[in-house]
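In: Predicted structure and sequence below. I'll ask about it afterward.
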Amino acid sequence: MAKEAKVSETTARHHLNRLDSIGVLLSKKRNRTTYYYPEPLHDHMKHIRELQQNFKDINEIMSYRDKIINKINDISSRYEAESPSQLRTQYSVESDSIEQFREITKVASEWETLLYRKSVCEDAFRYKCLFEDSEIPMMLR
């Protein structure tokens, strides 16, 4: 990593340790090597901030969430599956070709991404409500 960043190993280690200490990265030591990973909560909060910056108000965010839900429902109906994992399972057994298997894998991954985006919208709404004393609709609790 230091080589790619064109810095010394000491500098790279210092910056990685700093990112770990402020919660941007997680680290795990194995033997004498430290492995660094993105901190999922940091990324999630970053996505919430991006939503709040890209939409003028919470109603637009919830409208975006509704479009995501429609896409999820379309995929579920089209492939007669209740979840991405069920889609993968039923088509891994039924796949006629490698192309069909690749398509199903891609659709299942897109479905998982849509589920994540939906959760970000809902968390953005909850977060906003915390600071505005608004009621959180029952469907989001």
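Out: Everything's here; your move.
In: Not including adjacent chain positions, what is the nearest residue to residue 82?
Out: Once flanking residues are discounted, residue 82 sits nearest to residue 76: 6.5 Å by C-beta to C-beta, 6 or more residues apart in numbering. Using the backbone N, CA and C atoms, a C-beta is placed for each residue, glycine as well.
In: shaky segments in this structure?
Out: In the predicted model of the chain, residues 93-95, 129-141 satisfy pLDDT under 70.
In: where do the strands sit along it?
Out: Taking DSSP state E, the strands of the chain run over residues 25-30, 33-38.
In: and the angle from the last one to strand 25-30?
Out: An angle of 150 degrees separates the directions of strand 33-38 and strand 25-30 when computed by axes from the mean of the first three to the mean of the last three C-alpha atoms, to 10 degrees.
In: Can you tell me the centre-most residue of the protein?
Out: residue 116 (4.6 Å; C-alpha atoms, centre = their mean).
In: what's the spacing between that one and residue 10?
Out: Going from residue 116 to residue 10 by C-beta to C-beta, to the nearest Å gives 37 Å.
In: what's the answer for residue 52, then?
Out: In this view, residue 52 and residue 10 are 38 Å apart by C-beta to C-beta.
In: Between these two, which has more neighbouring residues?
Out: Counted by other C-beta atoms under 10 Å, residue 52 and residue 10 do not tie: residue 52 has more neighbours, with 15 against 9.
In: pretty sure the more buried one is touching residue 123, no?
Out: No. Look at residue 52 against residue 123 with C-beta atoms under 8 Å: they stay out of range, at 10.8 Å.
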